[in-house]
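Undergrad: Predicted model and sequence follow; I will ask about them next.
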Amino acid sequence: MIETKQKERLRRLSECLKRSGRIHLKEAARILEVSEMTIRRDLNAETEGPIPMSLLGGYIVSVAQPPILPADGQPIAHVFTPDKTAQLHIPNLAAGMVREGDVIFFDNGLEMATLIALIPDEINFTGICYSHNVFLALSQKKNATTLLCGGEYRPKSDSFYSPTQPSLLDSINPKKAFISASGIHTSYGVTCYNLDDLPMKNKAMEKSIRKILLAQYNQFDEVATANMGDLAQFDVVITNRKLSDEYEEYCRNGFVKIIY
C-alpha cells in the first residue's frame, strides 16, 4: 500500500512538471496534501527505475525530459539528461529570476537551453538570442515571444552575427541579460574562448539593465582568449559553490551580488 501511494504521488508530481517545468516543494506538499519530508523521502526512495525528478534550490525539477522531435525525427534542442543533474543548479537559480513580462537577452552557452526549459510555462516573457540552439529552446515555450538577432551563420558557435547590419539590441534595452563565460579573473576580467560571440556579448552588456553572469566555480581564476570586461560590470553572479574570500571581497567592493 505504501509503495502504491508513493508511486501515485510521483506520478502526480510528474504531471505537474509537464505543465509548469518546475514546482516549489511547499506547493507540491500542498497539492499532494502530505508533508515536505514525505516528498523528500519519495524523491530519494529506491524504485524499479530512476526517478526523473530532483530537488534543487527548493524546487522540484525534471531531469529526464524527452526531446521534442520534429518530422525528421532529429532532436531540435538538447536540454539535460539524468546523469547531468548537478548541472541544473545554476540554470535553476537563474530561471527563478525570470518574472512576468520580462524582456531577456540569452547568451550563447550550454546552460542557456536548460535555463529556458526550467522557466515555468505560465510566465509570459520575451527572449532575445543570437544562438540557434537557444532559439530552438525558446520556441518550445508557449508563452515566450522569441526574437532572433540575424546575420551570417557561424557554424563554430552555432550562432548568427552581422558586423555591418543593425542589431535588434540597437533599439531594445533588455531588463535582464544572462551571460555565459569560460573564465573569471580579478586581473584579467571575464573571458570566453569564442571571438565570434564577443560582439554580441558586449552589445548585450551595454544595453541590458541588469547583467547576470552564469559561472561554474571551477571557472574562477581561469583566463580565456576574448575579454568581456571586468567582473564588477555585472550586477549578479550565479555560481554553484561559495567563492573564495578573495572573490567574495572583490564582489562586495564592486556591489556584485553572489547567488549560489
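TA: Sure, I can see it. Note that the structure is predicted; figures quoted are calculated from it, not measured.
Undergrad: what helix or strand does residue 41 sit in?
TA: Residue 41 is part of helix 36-44, with elements assigned from DSSP states H and E.
Undergrad: which other helices and strands contact the helix or strand hosting residue 114?
TA: Take DSSP H and E as the rule and residue 114 turns out to sit in helix 112-118. Using 3 or more C-beta pairs under 8 Å, 6 or more residues apart in numbering; DSSP states H and E as the contact test, the elements touching helix 112-118 are helix 89-95, strand 103-106, helix 132-139, strand 176-180. Just so you know, the C-beta spots here come from the backbone N, C-alpha and C atoms, and that holds for glycine as well.
Undergrad: how about CSV for these, with mean neighbour count and distance to residue 189 added?
TA: Converted to CSV, the helices and strands packed on helix 112-118 look like this (neighbours: other C-beta atoms under 10 Å; distance: least, C-beta to C-beta, whole Å):
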stretch, mean neighbour count, distance to residue 189
helix 89-95, 23, 20
strand 103-106, 25, 19
helix 132-139, 22, 24
strand 176-180, 25, 12
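Undergrad: right, and those - which one's nearest residue 227?
TA: Closest to residue 227 of these, according to C-beta to C-beta: strand 176-180, at 13.1 Å.
Undergrad: For that closest one, which strands pair with it and how are they oriented?
TA: In the sheet, strand 176-180 lines up against strand 103-106 (parallel), strand 210-214 (parallel) (DSSP bridges).
Undergrad: on that earlier part again, could you dump the helix holding residue 41 to CSV, C-alpha only?
TA: Only the C-alpha atoms of helix 36-44 are listed here, as CSV (Å, rounded to 0.1, in the frame of the first residue of the first chain):
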residue,chain,number,x,y,z
GLU,A,36,7.6,18.3,2.7
MET,A,37,9.6,15.5,4.4
THR,A,38,7.3,12.8,2.7
ILE,A,39,8.1,14.3,-0.7
ARG,A,40,11.8,14.4,0.1
ARG,A,41,11.6,10.7,1.0
ASP,A,42,9.7,9.9,-2.2
LEU,A,43,12.4,11.5,-4.3
ASN,A,44,15.2,9.7,-2.5
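Undergrad: Now the element after that helix, going C-ward?
TA: In N-to-C order, the element after helix 36-44 by DSSP H and E is strand 53-56.
Undergrad: where's that next one relative to the chain centroid, distance-wise?
TA: 15 Å (C-alpha atoms, centre = their mean, to the nearest Å).
Undergrad: Now for the residue nearest to residue 143 when sequence neighbours are not counted: which residues touch it?
TA: What sits nearest to residue 143 in space, not counting adjacent residues and going by C-beta to C-beta, 6 or more residues apart in numbering, is residue 124, at 4.6 Å. Counting by C-beta atoms under 8 Å, 6 or more residues apart in numbering, residue 124 touches 100, 101, 143, 144, 145.
Undergrad: State the pLDDT value of residue 124.
TA: Per-residue pLDDT puts residue 124 at 96.
Undergrad: how near is the nearest residue to residue 163 once chain neighbours are set aside to residue 154?
TA: Nearest-residue entry for residue 163: residue 199, 6.8 Å, with adjacent residues in sequence omitted and distances by C-beta to C-beta, 6+ apart. Noted for residue 199: a distance of 11 Å to residue 154, by C-beta to C-beta, to the nearest Å.
Undergrad: one step back: now tabulate the strands paired with strand 176-180 in CSV and tack on distance to residue 177 and mean pLDDT.
TA: Listed next are those as CSV, based on distance: least, C-beta to C-beta, whole Å; pLDDT from 0 to 100:
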stretch, distance to residue 177, mean pLDDT
strand 103-106, 4, 97
strand 210-214, 5, 97
